[in-house]
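1. how would this look folded up:
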Amino acid sequence: MPAQMPPALLPLSQYEATTIVALLTVGGALAGLAVRIWSPARRRLVMWCAAAGVFAVHFTATVQSFSVLHEGLAPGTLSDLYFFGLMAGVIGSVIAAFVAMLLIASPSPVKATIGFGLMAVPFTSWAVVWVVSVVGFLNVPTAVPTIARWVPAVLVGCTLAWCGLRPAKRAIAWVLNLVFLWLLPALFTAVQAVLGTRVLAGDVPEMLLMGRQVLTAALGPDGGALPTILLALAIGLVGVGVHEVISRRGSGQRIAQ
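-> Okay, the predicted model is just below:
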């Protein structure tokens, strides 16, 4: 019974798929951010150490959690599908964590911007999990879902403002970040909808069909992505404009002196 199950380090459940992604990827991203802020002289060595630390934590959590899950599943094909499906998701999330870590830790502003944009949606999901854990599921303020919808756009907009538009190749990061802001929330919605349904559980063809339908609807004009994309773009452009004004004033003052 659930009450008799030993604790696991990861919430291995089809209902917690996006939470698993958030937990694992944000861990890797924060390691990359720590390296970037530190900016050590021996960057390559520190990156190897950070990668080893992330791998050790993720490997330990994965092995322990799946050992607990394996002991709690009844033998059968459906259990195998459940077990290996979750394992594939966890492995993919670990790989994504390393990608985010390498991008964010990179000295290149373009790569770092892409990494930050890639993590905006998972980070928001991670923050919501913390809120729910602290206040309890039934006590979550009604404003939290609304705020969570706009947080990725604000994060992406601030990242674009930090990146800037010069040289011109930085426009690549702008385009990719806006694509992430359009695509990733739709993916999270589709995954949560498909894996959260009890009616189609185990019917893989129907689950895939439902996932495609939900994803198509979320990516469409009625999916609600356009306002968030416009907000991120507006914040980014305003930030770049303010930075240009401040830079010109600083240059004018130096010339006057």
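2. hey, let's count contacts and neighbours off CA atoms from now on
-> Will do.
3. Next, work out how far apart residue 161 and residue 181 are.
-> Using CA to CA, to the nearest Å, one gets 15 Å for the distance from residue 161 to residue 181.
4. Regarding residue 40, what is its secondary structure?
-> When classified by DSSP: H, G, I helix; E, B strand; the rest coil, residue 40 comes out as coil.
5. Need the nearest residue in space to it, chain neighbours excluded.
-> Leaving aside its sequence neighbours, residue 40 sits nearest to residue 46 (CA to CA, 6 or more residues apart in numbering; 7.3 Å).
6. for residue 122, same thing?
-> The shortest distance from residue 122 to any non-neighbouring residue, by CA to CA, 6+ apart, is to residue 22 (4.7 Å).
7. Enumerate every residue touching residue 183.
-> residue 219 (CA atoms under 8 Å, 6 or more residues apart in numbering).
8. for the helix or strand where it lies, which positions count as buried?
-> Per DSSP states H and E: residue 183 is located in helix 171-195. Neighbour-count burial for helix 171-195 flags 171, 173-174, 177-178, 180-188, 190-195 (criterion: 16 or more other CA atoms under 10 Å).
9. and that helix, how far from the chain's centre?
-> 10 Å (CA atoms, centre = their mean, to the nearest Å).
10. Could you pull up the mean pLDDT of the following helix or strand past it?
-> Later in the chain than helix 171-195, the nearest helix or strand by DSSP H and E is helix 204-219. Helix 204-219 carries an average pLDDT of 82.
11. Okay, buried residues for the lowest-mean-pLDDT helix or strand in the chain please.
-> In the chain, no helix or strand scores lower on mean pLDDT, DSSP states H and E than helix 204-219, which sits at a mean of 82. Buried residues in helix 204-219, counted by 16+ other CA under 10 Å: 207, 210, 211, 212, 214, 215, 218, 219.
12. what's the helix or strand hosting residue 124 packed up against?
-> Under the criterion of DSSP H and E, residue 124 resides in helix 109-135. When contacts are defined as 3 or more CA pairs under 8 Å, 6 or more residues apart in numbering; DSSP states H and E, helix 109-135 sits against helix 17-38, helix 77-105, helix 143-163, helix 171-195.
13. Kindly calculate the angle that it makes with helix 77-105.
-> Interaxial angle of helix 109-135 relative to helix 77-105 (axes from the mean of the first three to the mean of the last three CA atoms, to 10 degrees): 130 degrees.
14. if I look at residue 89, how far off is residue 225?
-> 25 Å.
15. ok, now which ones touch residue 69?
-> Neighbours of residue 69 in contact, by CA under 8 Å, 6+ apart: 12, 83.
16. Show the average pLDDT along stretch 77-84.
-> 86.
17. Identify each buried residue in it, please.
-> Under the neighbour-count criterion of 16+ other CA under 10 Å, stretch 77-84 has 82, 83 buried.
18. Give me the distance from it to the chain's centre.
-> 26 Å.
19. same question, stretch 168-182
-> 16 Å.
20. What of stretch 32-52?
-> Centre to centre, stretch against its chain (CA atoms, centre = their mean), the figure for stretch 32-52 is 21 Å.
21. so who does the nearest residue to residue 187 once chain neighbours are set aside touch?
-> Spatial nearest neighbour of residue 187, excluding adjacent residues (CA to CA, 6+ apart): residue 215 at 6.4 Å. By CA under 8 Å, 6+ apart, the contact set of residue 215 is 186, 187, 189, 190.
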